[in-house]
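*Asks:* here is a sequence together with a model predicted from it:
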Amino acid sequence: MQTAESHDVDRVPLEEIDVSRPELFRTDTWQPWFARLRREAPVHFLAESVNGPFWSICSHRLIKEVDSNNTVFSSASRLGGIAIADPPPIEDGQLQGESFITMDEPQHMPQRMAVAPTVAPKNLAELEPLIRERAIDILEHLPVGETFNWVQEVSIELTARMLATLFDFPYEERRKLVHWSDIATAVPQVTGDDSIDMKARYNGLMQAAGAFYQLWAAKAGQPPRFDLISMLQHNEATARMNENPSQFLGNILLLIVGGNDTTRNSISGGVVALNQFPDQYQKLRENPGLIPNMVSEIVRWQTPVIHMRRTALEDYELGGKRIRKGDKVVMWYVSGNRDEAVFDDAEKLIVDRPNARAHVAFGFGVHRCMGNRLAELQLRVLWEEIMRRFHTVEVVGEVERLPNNFIRGIRNVPVRLHPL
């Protein structure tokens, strides 16, 4: 059987390849495994794994086909939800969070639309000066000439500040939002994994629920405002969401995670990528006007959400293979974004890549990432301000990644700043 120590990808029997192993993402060695599947089996079935049998969808075209067909491929939590590992069992009396990302139509769209105005173009235009002000404040207070963790000081800090703004959450307690996002995504990466203290995790999530119930109560009866809680309260579909504890917790956590992980790990991944491809960093110095396109390319190259899972509601033929009703189907966004049929030199970061926006990192169809424009805005503003201050954000040590097959998380990027 395939092991974490396997180096010769071509020697492993095709039917035994398991791209869900978290170790592949901790060591950042997943690329050749997916390259082989794209070549030989873009729709690949693994009959036995710690996550049970599942289909891997690895090509850009077929990922879009699955993601766009929500009448055949379900996200519903009752069928297993959106992650490859089946949800851990819930103990008696515990709350099971359910959010609109784990709902099918017609339940999904009304709840999604309740908060969508927060990230509408008009509101984003109004947010940009605030994002710039906070990015400048963070960058101006960094320790130039010293080694520090870019993830903690920049990636997490900027996203924490924006999350606090979007929720109108107490600003001085903003790091709680990041903590709750981290424990929300700290779920077993494989079915049966007991390495995570699920009781402690549950208690932490209950603290989040309590804090947001207090915030909901404090805003009750007030006129409509820009923040997410106010928008939920003033939308007919979600005005009484607080009366359903499962949906209340699930949707709050979804919005926290959605506002945290994509932006945070793309900020970190961008620094890693530009150091890995110094010719592209130089290209950016010579033409900072490439920043908007580079943002899309960073999101493609990093791919913050590694996969999304669906469950087949009926038999379906995909890429010449017969998927059966009830089968677990996993769209590997990291693979679609390295698809050689779509992206030339797909493993390389190319800041002026003509089709960078063709990436699948935000998904497709009704579940496409709602906050994608906000994430891009934060990345653009941050890089504009970085390039005005620093010649190089130099990576000076080993990058530490998370053993996570769902979120492509980065824990530590040791850097040193070189001013202009």
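*Replies:* Cool, got the structure. Residues are numbered from 1 along each chain as shown.
*Asks:* my guess is Leu158 contacts Val381. True?
*Replies:* No. Contact criterion Cβ atoms under 8 Å: Leu158 and Val381 do not qualify, at 9.2 Å. (Glycine included, C-beta is placed from N, CA and C.)
*Asks:* quick check: neighbours shared by the two?
*Replies:* Common contact partners of Leu158 and Val381 (Cβ atoms under 8 Å, 6 or more residues apart in numbering): Ala135.
*Asks:* which residues are in contact with the lowest-mean-pLDDT helix or strand in the chain?
*Replies:* Least confident helix or strand, the chain: helix 108-115 with a mean of 82, by mean pLDDT, DSSP states H and E. Contacts to helix 108-115, defined as Cβ under 8 Å, 6+ apart, come from residues 75, 100-101, 103, 228, 231-232, 235, 237-238, 241, 247, 251, 255, 366-367, 370.
*Asks:* centre of the chain to that helix, how far?
*Replies:* Centroid separation for helix 108-115 versus its chain: 19 Å, with Cα atoms, centre = their mean, to the nearest Å.
*Asks:* and the next helix or strand past that helix?
*Replies:* Remark: after helix 108-115, the chain's next helix or strand is helix 121-140, criterion DSSP states H and E.
*Asks:* now do that next one: which elements does it pack against?
*Replies:* With contacts defined as 3 or more Cβ pairs under 8 Å, 6 or more residues apart in numbering; DSSP states H and E, helix 121-140 has these neighbours: helix 157-167, helix 372-389.
*Asks:* for Val305, give me the pLDDT.
*Replies:* As predicted, Val305 sits at a pLDDT of 94.
*Asks:* list the beta-bridge partners for it.
*Replies:* Beta-bridge partners recorded for Val305 (DSSP bridges): Ile407.
*Asks:* how far away is Phe167 from Leu417?
*Replies:* Phe167 sits 31 Å away from Leu417, going by Cβ to Cβ, to the nearest Å.
*Asks:* now do the SS call for the closest residue to Ala116 other than its chain neighbours.
*Replies:* Nearest residue to Ala116 in three dimensions, chain neighbours excluded: Met370, at 5.9 Å (Cβ to Cβ, 6 or more residues apart in numbering). Secondary structure, DSSP: H, G, I helix; E, B strand; the rest coil: Met370 is coil.
*Asks:* next, count neighbours for Met370.
*Replies:* Applying other Cβ atoms under 10 Å, we find 20 residues neighbouring Met370.
*Asks:* can you give me the strands for this protein?
*Replies:* Per DSSP state E, the chain carries strands over the ranges 43-46, 54-57, 73-74, 148-149, 307-312, 316-318, 321-323, 328-332, 390-395, 400-401, 410-412, 414-419.
*Asks:* quick one: mean pLDDT over the first one.
*Replies:* It stands for strand 43-46. Throughout strand 43-46, pLDDT has a mean value of 98.
*Asks:* in that strand, what's buried?
*Replies:* By neighbour count on 16 or more other Cβ atoms under 10 Å, the buried set for strand 43-46 is Val43, His44, Leu46.
*Asks:* may I see those arranged in TSV, with distance to Arg285 as well?
*Replies:* Supplementary listing: the buried residues of strand 43-46 in TSV, determined by distance: Cβ to Cβ, whole Å:
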residue	distance to Arg285
Val43	42
His44	41
Leu46	45
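*Asks:* thanks a lot, see you next time.
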